[in-house]
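Chemist: how would this look folded up:
(one chain, ligands or ions: 1)
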Amino acid sequence: MATDHTGITHAPGALPIVGHLFPLLRDPLGFLNTLPSHGDLVQIKLGPQRAVVVCRPELVQQVLLNDRIYDKGGPIIERVGNALGDGIASCPHSAHRRQRRSLQPAFSRTCLREYATIMAEEIDTLRTTWNDGRAIDVATQMYTLASGTIGRTLFTAEAARPAIDTVTECLPDIFRGIYQQAVLPPLLRRLPLPSNRRYERARNRAWAAVSKTIGLYRQDSQTHGDVLSMLLEARDDDGGTLGDAEIHAQIMTLLVAGIDTTAVALTWAVHLLCQYPDVQERLRTETAEVLGSRTATWDDLPRLDLASRVITETLRLYPPGWIFTRTTTTEARLADAVIPPETNIIYSPYLIHHDERFHPRPDSFDPDRWLPEREPVRGAHIPFGGGARKCIGDNYAMTLATLALSTIVTQWRLSHVDHQLPHVEPRMTLSPHKMQARVECLVRAPD
Ligand code: HEM
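Modeler: Predicted coordinates for the structure are as follows:
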């Protein structure tokens, strides 16, 4: 194993031309978890490109907190920009403050409280389709819940419904495409492979559906009190309105950043509650006391402690966003290493969350590790990233997941259909491939 003059260790096993492409496509999580044993800063190769993986929480925090030096960039961000336009998640530091200011009001506590009403309605709609004793496809159900809720938060107008449906249909191919395109060498990206074509088609359809919705809203003078209306009314620092391209990029970004991540988190939470029926029973005791048999609402949140710890622990074990990239804008010092400008940097919540130095017994599901009296290692729980680029939808996601999980557990007993662990599919998000659960109704007529 080589350490170069900059103090960065080189991960073993890189092949000529493709570098670490095969482990990154075949078993990226297993590969990532081997890296900390080589050092705190480990270089891997994506085809001809190199990237430095940061393997300690305090170093990851330095990267996240210095967004001027460690700017958005690198192969994943390039692909995200290509798929969504230059929105808040992929724009450079120089454009970010302004974009964040225009979007932040849509995620205020007051707005979240309003969105919680939409969340409760969508949770109710979902469970009316479940039948006592039957199996449900958990991933599909949670995807329907997240896309319905986030879609309605962004555009409430009835005329936007088809756009939500189209985007919802296209997102899985967009996700798969972004990850594959990020790890493929540039030459292979441009070949007319079926996967590349599927990705292009999905991206273009979603893009057109969102454009059409913005056009409909522009023609219509009434405000709908949703995120798209807020963006259309927003003023930048000079008092100007936002252009269509920027609004388009923000809407695509929110759809892509919000739906799959939240759906995947809920799917893993259901899986873990099936795998640990004792935790499921404890959670039911809590939710029954708070809710009786009704749907959880915003006002219940402060009393749904265990539900929120279950989600936090789920996000530790299976962080939906498992890998992110940055690029150094100048020479940077990290630990003892000197990192040249334009170096790709990788941080992985999955890697940090599964390192036993920071999370004892990292593979066991223990929601009580998040009890207030237990002190977690600082900076070692990063499912929503950190610093200026921290997830803007963190509270939105936690609210939806807590309300949904509490309501589901109060009204249904969940169990695995088969006892095989779901296969983990690392796309842009860490997705469980095929996850079924049997649902047993616990309330006579759910109201
Ligand atoms: C459990 C669900 C979610 C997880 C795990 C998650 C995770 C993350 C992470 C890790 C980042 C930082 C990425 C980086 O450092 O490069 C991020 C950014 C972002 N997320 Fe989320 N997210 C979730 C839900 C949502 C939701 C519901 C929305 C909106 C509806 C959303 C919108 C965004 C946006 C816009 C950014 C970019 C923020 C910026 O750069 O200023 N996310 N998310």
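Chemist: residue contacts, residue 37?
Modeler: Residue 37 is in contact with no residue at all, counting by C-beta atoms under 8 Å, 6 or more residues apart in numbering. For the C-beta atoms, the positions are set from N, CA and C on the backbone; glycine is no exception.
Chemist: gap between it and residue 57?
Modeler: Distance of residue 37 to residue 57, computed by C-beta to C-beta, to the nearest Å: 16 Å.
Chemist: quick one: contacts for the closest residue to residue 346 other than its chain neighbours?
Modeler: Distances taken as C-beta to C-beta, 6 or more residues apart in numbering put residue 53 closest to residue 346, at 4.6 Å, once the chain neighbours are dropped. Residue 53 is in contact with 11, 32, 35, 41-44, 346-348, 351, counting by C-beta under 8 Å, 6+ apart.
Chemist: farthest pair in those?
Modeler: Taking every pair in those and measuring C-beta to C-beta, the maximum separation is 15.4 Å, between 11 and 347.
Chemist: which of the two has more neighbours?
Modeler: For residue 11 versus residue 347, the count of surrounding residues by other C-beta atoms under 10 Å is larger for residue 347: 24 against 21.
Chemist: hang on, that one packs against residue 62?
Modeler: No - counting by C-beta atoms under 8 Å, residue 347 sits too far from residue 62 to count as a contact (10.4 Å).
Chemist: hang on, the earlier thing: confirm that the residue nearest to residue 346 sits in a helix.
Modeler: No - when DSSP: H, G, I helix; E, B strand; the rest coil is applied, residue 53 is found to be strand, with no helix at that position.
Chemist: for the longest helix seen in the chain, buried residues please.
Modeler: Assignment by DSSP state H gives helix 244-275 as the longest helix of the chain. The neighbour-count criterion (16 or more other C-beta atoms under 10 Å) identifies 246-274 as the buried residues of helix 244-275.
Chemist: enumerate the residues of this protein near the ligand.
Modeler: Proximity of the chain to the ligand is assessed by C-beta under 6 Å from any ligand atom, with 88-89, 100, 150, 253-254, 257-258, 261-262, 265, 315, 320-321, 324, 383-385, 389, 391-393, 396-397 identified as the residues in range.
Chemist: and if we set it to 5 Å?
Modeler: For the chain, the residues in contact with the ligand under the definition C-beta under 5 Å from any ligand atom are 88-89, 254, 257-258, 261-262, 265, 320-321, 324, 383-385, 389, 391-393, 396-397.
Chemist: which ones among the residues you listed lie within strands?
Modeler: When the residues of the chain next to the ligand are checked against strands (DSSP state E), the matches are residue 324.
Chemist: and the helices in the stretch 201-350 of the chain?
Modeler: With helices called from DSSP state H, counting those that start in this stretch, the stretch 201-350 of the chain shows them at 227-233, 244-275, 277-291, 305-317, 349-353.
Chemist: buried sites along the third one?
Modeler: Applying a neighbour-count criterion of 16+ other C-beta under 10 Å, one finds 279-280, 282-284, 286-288, 290-291 buried in helix 277-291.
Chemist: residue 191 and the ligand, how far apart?
Modeler: In this structure, residue 191 and the ligand are separated by 28 Å, where distance is defined by C-beta to the nearest ligand atom, to the nearest Å.
Chemist: does that residue belong to a helix, a strand or coil?
Modeler: For residue 191, the assignment made with three-state DSSP gives coil.
Chemist: contacts only, for it.
Modeler: Applying C-beta under 8 Å, 6+ apart, no residues contact residue 191.
Chemist: looking at the protein, which helix or strand does the model trust least?
Modeler: helix 186-189 (a mean of 72; mean pLDDT, DSSP states H and E).
Chemist: which regions of the protein sit below the pLDDT cut-off?
Modeler: For the chain, the stretches with pLDDT under 70 are 1-6, 426, 445-447.
Chemist: what's the closest of the buried residues of helix 277-291 to the ligand?
Modeler: Checking the buried residues of helix 277-291 against the ligand by C-beta to the nearest ligand atom gives residue 283 as the nearest, at 18.2 Å.
Chemist: which residue, neighbours along the chain excluded, lies closest to the residue of the stretch 151-300 of the chain found nearest the ligand?
Modeler: Scanning the stretch 151-300 of the chain for the residue nearest the ligand gives residue 258, at 2.8 Å (criterion: C-beta to the nearest ligand atom). When the adjacent residues along the chain are set aside, residue 258 lies closest to residue 150, with 4.6 Å between them (C-beta to C-beta, 6+ apart).
Chemist: helix or strand for that neighbour, which one?
Modeler: helix 138-154 (DSSP states H and E).
Chemist: tell me which other helices or strands that helix touches.
Modeler: helix 109-127, helix 161-183, helix 227-233, helix 244-275, helix 394-411, strand 430-433 (3 or more C-beta pairs under 8 Å, 6 or more residues apart in numbering; DSSP states H and E).
Chemist: buried set for the last one?
Modeler: This points to strand 430-433. Under the neighbour-count criterion of 16+ other C-beta under 10 Å, strand 430-433 has 430-432 buried.
Chemist: residues touching it, excluding its own?
Modeler: With contact meaning C-beta under 8 Å, 6+ apart, strand 430-433 is reached by 29, 138-139, 260, 264, 267-268, 271, 318-322, 350, 422-425.
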